[in-house]
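Asker: Provided below for reference: sequence and predicted model.
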Amino acid sequence: MSKSKSKTYTTSELARHFNISVVSASRFIVKHKLKPVKTGQHNAKYYSDAVFQQMEEYYQNKPKTQEKQTYPATKDTIIEQLKAQIQEQAATIELLKQQLTVKDEQIATANKLADQAQQLDLTTHKQQKSLPQPLSNSNETVKHSWFWKITH
């Protein structure tokens, strides 16, 4: 009985067979920690038929990505989209106008309060000037230095 050799595959052969890139095949090999059965010329790695079977099972069960169907936009849909954008922007403008009105009222109130505070401050200042200055109390004892006491 002769021992039959199993077929070996390089990374690029595996990629070509499963219609994937060499990078994807290499990532699959690394992810599943698969070891080559031998290394050939120029460090080419050869993988066993078991690796081939494992990749085949994986890529058969993997769901195919479906291409998205895009439909060309018609004039009517473009017009509807633009009308919707205009309505959104009109609503935003209306909201901003309302906010601006509120802010204007707040500024007017703040100015009015500032004017009242200024008038109150001015009135208080005038009242302080018009009050007579208190005279020094004669009952107070004044302390003088010893030099002043000697000279006076």
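Answerer: Yep, it's here.

Asker: gap between the spatially most central residue of the chain and Gln53?
Answerer: For the chain, the residue nearest the mean C-alpha position is Thr92 (22.8 Å; C-alpha atoms, centre = their mean). Look at Thr92 and Gln53: by C-beta to C-beta, to the nearest Å, they are 61 Å apart. (Each C-beta comes from the backbone N, C-alpha and C, glycine too.)

Asker: part of a helix, is Ile86?
Answerer: Yes. Counting by DSSP: H, G, I helix; E, B strand; the rest coil, Ile86 is part of a helix.

Asker: Just the pLDDT for it.
Answerer: The per-residue pLDDT reported for Ile86 equals 95.

Asker: How about Glu67?
Answerer: At Glu67, pLDDT is 61.

Asker: change the start of the numbering to 102 and stick with it
Answerer: Noted, 102 is the first residue going forward, which turns the last one into Glu168.

Asker: so who does Ser107 touch?
Answerer: Ser107 sits next to 149-150 when contact means C-beta atoms under 8 Å, 6 or more residues apart in numbering.

Asker: can you confirm it is in a strand?
Answerer: No. Ser107 sits outside any strand when classified using three-state DSSP, being coil.

Asker: Could you measure from it over to Gln207?
Answerer: 85 Å.

Asker: Could you do Gln186 as well?
Answerer: From Gln186 to Gln207 the distance is 31 Å (C-beta to C-beta).

Asker: Ok, Tyr160 next?
Answerer: Taking C-beta to C-beta, one finds Tyr160 at 67 Å from Gln207.

Asker: ranges for the strands of this structure?
Answerer: Taking DSSP state E, the strands of the chain run over residues 110-111, 139-140, 146-148.

Asker: would you list these in JSON lines and tack on mean neighbour count?
Answerer: Formatted as JSON lines, the strands of the chain follow (neighbours: other C-beta atoms under 10 Å):
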{"stretch": "strand 110-111", "mean neighbour count": "18"}
{"stretch": "strand 139-140", "mean neighbour count": "10"}
{"stretch": "strand 146-148", "mean neighbour count": "19"}
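
Asker: If anything else comes up later, I'll come back, but that's it for now.
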